[in-house]
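Participant: Just need the structure, nothing else, for what follows:
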Amino acid sequence: MSLKRFYVFGLFVFIAYLGACGTSGIDSNDNGSDDDKELVIAQPNDLNSLDPQDALSTSVERVMRNMHARLFMRDQDMGVVPDLVESYDNEDDVTWHFTLKEDATFHNGDDVTAEDVKFSLERVMEDDTLKEYPYFKQLKEVNVLDDHKVEIITDGPMPTIEYVLAKSGADIMPRDYVEEVGIEEYKKEPIGAGPYQFVERKIDDKIVLEKYDDYFGDEPVWDTVTIKAITENSTRVGELLSGNVDLITDVTSNEQERIESNDGTSVVQGESTRVMLLMNRMTEGYATADPKVREAIDLAIDQGAIVDSVLGGSGVPVRSRVPEGVLGSNPDLYDAYVYDPEKAKELLKEAGYEDGLDITLTSPKGQYPHDGQVAELIASMLKEVGINVELDLMEPGTFTEKYTNNENEELIMIGLADGLMDASYSLVHYTIDRAKGQTDYHNEEVDELYKKATQTLDEGERIDMYQEIQEVVAEERPHTFLYQDKTNYGVSDAIEFEPRLDETTYFDAIQPK
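Facilitator: Predicted coordinates for the structure are as follows:
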């Protein structure tokens, strides 16, 4: 679809919408025709990058998973299934051969080849500035065997190789195009091999995709998909109720009744792997480097009250970064917290803060449901035990920049999901390389356990080691865990939508009614 045709089409849609007055986005867009199917989704924040290997964001993944193809993908039940791969086998514990589908092409028409796989994977394996780098380090070599056959050699046995090749960061990019225009230009007009191709992006507004007619898989369902960035919760809900969007994410508890009581919309709740937590800077010179201070912070926070009063029950208190539903989660640390404000006061005195402690808590406002309110309540709870909090609330874009650059002071609140569905994804945060500059946590026992777990093919042994790491971390507290979030979506009755545990949104899994 040309840009001119797109804008004319958009004007026609707007006029039709005025006549329909309140019908869903799909009904007003297609005007009784099956030829023009547009899906409109609204989320609370814009994409922080169009580099598929340098984002680590649910909002970015929502787009990238539909624009790019990977060697593998996860189905609705979280099973790993082939995507670009036609067949594969492992020659031994460290050597894997993958044969690619020969009909797969990029959006510019170029064939997807083994050279593209080598180029894409080597980039994320070798460039330690990329956010996805820590999850691909165990890939040692990528060798081209022929145009459509590639060999991957791992650094020791790698039980999660298929998981890694299905996660964000494993997107296959066209080597020739990237090398021709450079990565900065590529991020302005990305090309993938997925079912939907890039049309345009307006910063802090929207990104528009259209179906790729030569996609190697099933024919895409939608002609056009628009992802809007609408920070304000009430505005996002209003767009759904007025029929301007078909699906909204991150519905807050105070807005749910508004959606449910409206004719033509409903709230759909799903489980998620997102854990909200406080990162404690353990760098020398910070008060949070003292284990007694970190424990006092944990004991001062009533996670159960946060879930009940602010979230309306849409979450579960936890004491682990590894979420329930992920391989290796520790059931003893799920639906658990250690609230004890009197002991927190004693610990602060023992740490030398009889007259109180001043710290800074950085938090986003508008990136996660109720995040600003949660941060304010935490600050109030900490004050009750003698910790005076300077609360630094930031809009999502500024917050992401501060988090990415490790510029926070003692505490920063963030929500982290699991893109691998394996505890190794979450627990890498406690290895010396990943923690450097962020929490600066270091425990040699944890490093050794993590290395052994990620190279152990016996699943039971891996789980035991993962759970042991979580127990150590729960006591040493580089993170203060808050709760595992549930996801709430506002959905138009004009579509069929089923949430996924990994929060990935496959556009073609959303069907028009």
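
Participant: ranges for the strands of the stretch 51-200 of the chain?
Facilitator: Counting by DSSP state E, counting those that start in this stretch, one finds strands in the stretch 51-200 of the chain at the ranges 72-74, 80-82, 85-90, 95-100, 139-146, 149-154, 196-202.

Participant: could those go into TSV alongside mean neighbour count?
Facilitator: C-beta: built from backbone N, CA, C; applies to glycine. Formatted as TSV, the strands of the stretch 51-200 of the chain follow (neighbours: other C-beta atoms under 10 Å):
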stretch	mean neighbour count
strand 72-74	22
strand 80-82	16
strand 85-90	14
strand 95-100	20
strand 139-146	15
strand 149-154	20
strand 196-202	18
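
Participant: of all these, which lies closest to Lys37?
Facilitator: Minimum separation from Lys37 across these (C-beta to C-beta) falls at strand 196-202, 12.3 Å.

Participant: Who are the packing partners of that closest one?
Facilitator: Judged by 3 or more C-beta pairs under 8 Å, 6 or more residues apart in numbering; DSSP states H and E, strand 196-202 is in contact with helix 3-20, helix 58-67, strand 206-211.

Participant: what angle sits between that strand and strand 206-211?
Facilitator: Here strand 196-202 runs at an angle of 160 degrees relative to strand 206-211 (axes from the mean of the first three to the mean of the last three C-alpha atoms, to 10 degrees).

Participant: Please give the centre-to-centre distance between strand 196-202 and its chain.
Facilitator: 20 Å (C-alpha atoms, centre = their mean, to the nearest Å).

Participant: go on, stretch 199-217?
Facilitator: 20 Å.

Participant: Contacts for that stretch next, please.
Facilitator: Contacting residues not belonging to stretch 199-217 are listed as 1, 3, 6, 46-47, 50, 63, 66-67, 69, 84, 101, 103-105, 107, 109, 193-198, 219-229, 397 [C-beta atoms under 8 Å, 6 or more residues apart in numbering].

Participant: Same check on stretch 341-356?
Facilitator: 287, 290, 292-293, 295-297, 299-300, 357, 381, 384-388.

Participant: What of stretch 189-196?
Facilitator: With C-beta under 8 Å, 6+ apart, stretch 189-196 has contacts from 50, 52, 64-69, 84, 104-108, 112, 171-174, 177, 181, 197-198, 209-212, 215-217, 220, 222, 225, 507-508.

Participant: Could you pull out the buried residues of that stretch?
Facilitator: In terms of neighbour count (16 or more other C-beta atoms under 10 Å), stretch 189-196 has its buried residues at 190-196.

Participant: Filter those residues down to the ones in helices?
Facilitator: Applying DSSP state H to the buried residues of stretch 189-196, no entry is found in helices.

Participant: Determine which two of those residues are furthest apart.
Facilitator: Using C-beta to C-beta, the two most remote members of the buried residues of stretch 189-196 are Pro190 and Pro195, lying 14.4 Å apart.

Participant: For the stretch 401-513 of the chain, give me the ranges with low pLDDT.
Facilitator: Per-residue confidence for the stretch 401-513 of the chain (pLDDT under 70) gives no ranges below the cut-off.

Participant: what do you get for the stretch 1-150 of the chain?
Facilitator: 1-35.

Participant: which residues in the stretch 301-450 of the chain form helices?
Facilitator: 303-305, 341-350, 371-384, 396-404, 423-427, 432-435, 444-453 (DSSP state H, counting those that start in this stretch).

Participant: taking these together, which one is wrapped up most tightly?
Facilitator: Ranked by average neighbour count under the criterion mean count of other C-beta atoms under 10 Å, the helices of the stretch 301-450 of the chain are headed by helix 423-427 at a mean of 27.

Participant: Who are the packing partners of it?
Facilitator: helix 444-453, helix 459-476.

Participant: can you tell which of those helices is closest to Glu271?
Facilitator: Proximity to Glu271 (C-beta to C-beta) singles out helix 459-476 among these, at 19.2 Å.

Participant: Please enumerate residues in contact with the closest one?
Facilitator: 159, 291, 294, 319-322, 327-328, 330, 332-333, 423-424, 427, 430, 441, 443, 445-446, 449-450, 452-454, 456, 479, 481.

Participant: report the angle between the axes of it and helix 444-453?
Facilitator: Using the same axes, to 10 degrees, helix 459-476 lies at 160 degrees relative to helix 444-453.

Participant: buried ones in helix 459-476?
Facilitator: Buried-residue list, helix 459-476, by 16+ other C-beta under 10 Å: 462-463, 465-467, 469-470, 473-474, 476.

Participant: can you list the domains in the protein?
Facilitator: Annotated domains of the chain cover 37-229, 272-486 [automatic domain parsing].

Participant: Show me what the top strand by length along the chain is packed against.
Facilitator: Ranked by residue count under DSSP state E, the longest strand found in the chain is strand 265-280. Helices and strands touching strand 265-280, by 3+ C-beta pairs under 8 Å, 6+ apart, are helix 256-260, helix 291-300, helix 371-384, strand 411-416, strand 479-492.

Participant: which stretches of the stretch 101-250 of the chain form helices?
Facilitator: 114-126, 161-164, 175-181, 183-188, 233-241.

Participant: which one of those lies closest to Val310?
Facilitator: helix 233-241 (13.3 Å).

Participant: And that closest one, how far out from the chain middle?
Facilitator: 22 Å.

Participant: got the buried residues for it?
Facilitator: Of all the residues in helix 233-241, those buried under the rule 16+ other C-beta under 10 Å are 233, 236-241.

Participant: so which of the residues you listed comes closest to Ala494?
Facilitator: Nearest to Ala494 among the buried residues of helix 233-241: Leu240, at 11.0 Å, using C-beta to C-beta.

Participant: show me the contacts for the residue most central in space within the chain.
Facilitator: In the chain, the centroid-proximal residue (C-alpha atoms, centre = their mean) is Thr58; its distance is 3.0 Å. Going by C-beta under 8 Å, 6+ apart, Thr58 touches 274, 417, 503.

Participant: and what of Ile414?
Facilitator: So Ile414 contacts 276-277, 279, 364, 403 (C-beta under 8 Å, 6+ apart).

Participant: Gln197 versus that one, what's the distance?
Facilitator: Look at Ile414 and Gln197: by C-beta to C-beta, to the nearest Å, they are 32 Å apart.

Participant: Next: Tyr368.
Facilitator: Computed as C-beta to C-beta, the Tyr368 to Gln197 distance reads 30 Å.

Participant: State the distance from the residue nearest to Met73 when sequence neighbours are not counted to Glu257.
Facilitator: Residue nearest to Met73 in three dimensions, not counting chain neighbours: Asp83, with 4.2 Å by C-beta to C-beta, 6 or more residues apart in numbering. With distances taken as C-beta to C-beta, Asp83 is found 40 Å from Glu257.

Participant: out of the buried residues of helix 459-476, who's nearest Lys486?
Facilitator: Distances from Lys486 to these, taken by C-beta to C-beta, are shortest for Gln470, at 21.0 Å.

Participant: before we move on, back to that, just the buried ones from the contacts of Thr58?
Facilitator: Neighbour counting by 16+ other C-beta under 10 Å classes 274, 417, 503 among the contacts of Thr58 as buried.
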